[in-house]
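1. One predicted model, sequence on top.
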Amino acid sequence: MSKPDLSDIRLPVIAADLRSTIRHLLSEWYAQCRRDLPWRRTRDPYAIWISEVMLQQTQVNTATPYFRRFLELFPDVQRLARADEQSVLKAWEGLGYYSRARNLWRAARILDTRGGQVPAEWQTLRQLPGIGDYIAAAVLSIAFGLPYAVVDGNVKRVLARLLCLDTPVNQAKGHRLFQAAADRFLDRRHPGRHNQAVMELGALICGPHKPLCAQCPLGMCCEALQSRSVDQYPRRAERPKVGQQHWAAGVIVKNGRLLLTQRPATGLLAGMWEFPSVRPGPAEDPGQACLAYIRSALGLSVGLRQRIAGVRHAYTHFKLRLDVYLYAWQSGRIRLDGPADFQWVRPDRIERLPLHGAVHKVLPALITWLG
Ligand code: SF4
């Protein structure tokens, strides 16, 4: 996959000496103010790749312990490639966006067949599962010192304000413009340091709310600050509101064990484990709808005991309201044409499986009910 051609993008004129001043100011500021983060102590492309995947959609403070633990469990491409998928998902549990973990694992398996090295080349890297323009540019610039500019939310925000760019940051068509702007500003002699400096400035100074312009090293070059229009940037296009879904989940107890089913290998939360669940119709009683689902889809006869919890959880594309019911197994063997897989699990062993966020929220109530 070759690097996108951005030669048709028209940017505001930025004088070469101004670009050079901005790079210099950024570099000085970064040397003094950067945070000491574990992935900044290494040039290992594998570790940098892991960190960048984790940091997509995740705060630094959240990602840090996950990064350390993941590197302990899977210290290199080979160890990740030869781990089983479930243990990788388990190590990722709580970070969300589980397709990222699955793609990391799949990419490691591909690299393992080619000698286990992370490639220092755009096209090869970009063809691996889960590696888009951002991850490829981050790994190549930070680990290998190659001149690729990263564009993430922080970079877009800084550039939008620095140049008063009116293009909305949250639309795909605007992405090419921000990439062209980032390319124009890139310090080609120190691309890794420059990329990290812009992202760090966006994280620490030029934040989404109340940017700290008085402390900003780029204040004298910033068009938004000079024109007193910082609050108008970055521009955003309106997005449709996230919908809400109501589901019912069944905790089925059989001889002291609970039934957990695995989600299919593709789609939302692929491969994660959960209690059997169904989306009831608008006029349906959720407990009865779940009972009917357990009978028809799993082939089990169960008796409804009671509702034990109601939890809410936000996923990327919708908000979930989940009512949870306790059922006693009566008869029947689970049918294999139902979920992808299933297990009867002792309550104290449930957390050994990779569970998604809503299931985690159910566990405290479940422990109370089961005593
Ligand atoms: S001066 Fe303010 S708006 Fe401009 S880049 Fe710095 S923090 Fe952002």
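-> All right, it came through fine.
2. residue ranges with poor pLDDT in the chain?
-> By pLDDT under 70, the weakly predicted segments of the chain are 1-2, 13, 240, 336-340.
3. Residues of it that sit close to the ligand?
-> 158, 161-162, 205-206, 211, 213, 216, 218-219, 222, 224-225, 230 (Cβ under 6 Å from any ligand atom). Any C-beta I mention is one placed from the backbone N, CA and C, and that applies to glycine too.
4. What subset of these is buried?
-> Buried positions within the residues of the chain next to the ligand, assessed by neighbour count (16 or more other Cβ atoms under 10 Å), are 158, 161-162, 205-206, 211, 216, 218, 222, 224-225, 230.
5. how far does stretch 260-279 stretch from start to finish?
-> 17 Å (Cα to Cα, to the nearest Å).
6. Correction: the previous question concerned stretch 261-272.
-> End-to-end distance of stretch 261-272 (Cα to Cα): 8 Å.
7. Over to stretch 198-216?
-> 12 Å.
8. and what of stretch 346-366?
-> End-to-end for stretch 346-366, by Cα to Cα: 12 Å.
9. who touches Cys206 in this structure?
-> For Cys206, the residues meeting the contact criterion (Cβ atoms under 8 Å, 6 or more residues apart in numbering) are 154, 157-158, 161, 212, 216.
10. In helices only, show me those residues.
-> 154, 157-158, 161 (DSSP state H).
11. So which residues of the protein form helices?
-> 16-33, 45-55, 60-73, 77-81, 85-92, 98-112, 122-126, 133-144, 153-163, 172-185, 191-204, 223-226, 286-293, 357-370.
12. Among these, which comes closest to Pro234?
-> For the helices of the chain, the distance to Pro234 is smallest for helix 153-163, at 3.6 Å, taking Cβ to Cβ.
13. list the contacts for Gln288?
-> Contacts of Gln288 (Cβ under 8 Å, 6+ apart): Leu304.
14. mind checking how far it is from the ligand?
-> In this view, Gln288 and the ligand are 55 Å apart by Cβ to the nearest ligand atom, to the nearest Å.
15. what's the answer for Pro347, then?
-> As judged by Cβ to the nearest ligand atom, Pro347 and the ligand stand 51 Å apart.
16. cool, and Tyr327?
-> For Tyr327, the distance to the ligand - Cβ to the nearest ligand atom - is 55 Å.
17. Hmm, Ile110 is touching Gly130, no?
-> No: look at Ile110 against Gly130 with Cβ atoms under 8 Å: they stay out of range, at 10.9 Å.
18. okay, those two: which has more neighbours?
-> Gly130 (17 against 14; other Cβ atoms under 10 Å).
19. That one touches Tyr97, doesn't it?
-> No: assessed by Cβ under 8 Å, Gly130 is found out of contact with Tyr97, at 10.2 Å.
20. if I pick the closest residue to the ligand within the stretch 51-200 of the chain, what's in contact with it?
-> Nearest residue of the stretch 51-200 of the chain to the ligand: Arg161, at 3.8 Å (Cβ to the nearest ligand atom). Residues in contact with Arg161, defined by Cβ under 8 Å, 6+ apart, are 206, 211, 222-225, 230, 233-234.
21. one more time with 6 Å
-> Arg161 is in contact with 224, 230, 233, counting by Cβ atoms under 6 Å, 6 or more residues apart in numbering.
22. nearest residue to Ala143 other than its sequence neighbours?
-> Among residues not flanking Ala143 along the chain, Pro45 sits closest, at 3.7 Å (Cβ to Cβ, 6 or more residues apart in numbering).
23. just Asn103 next, same as before
-> Gly130 (2.7 Å).
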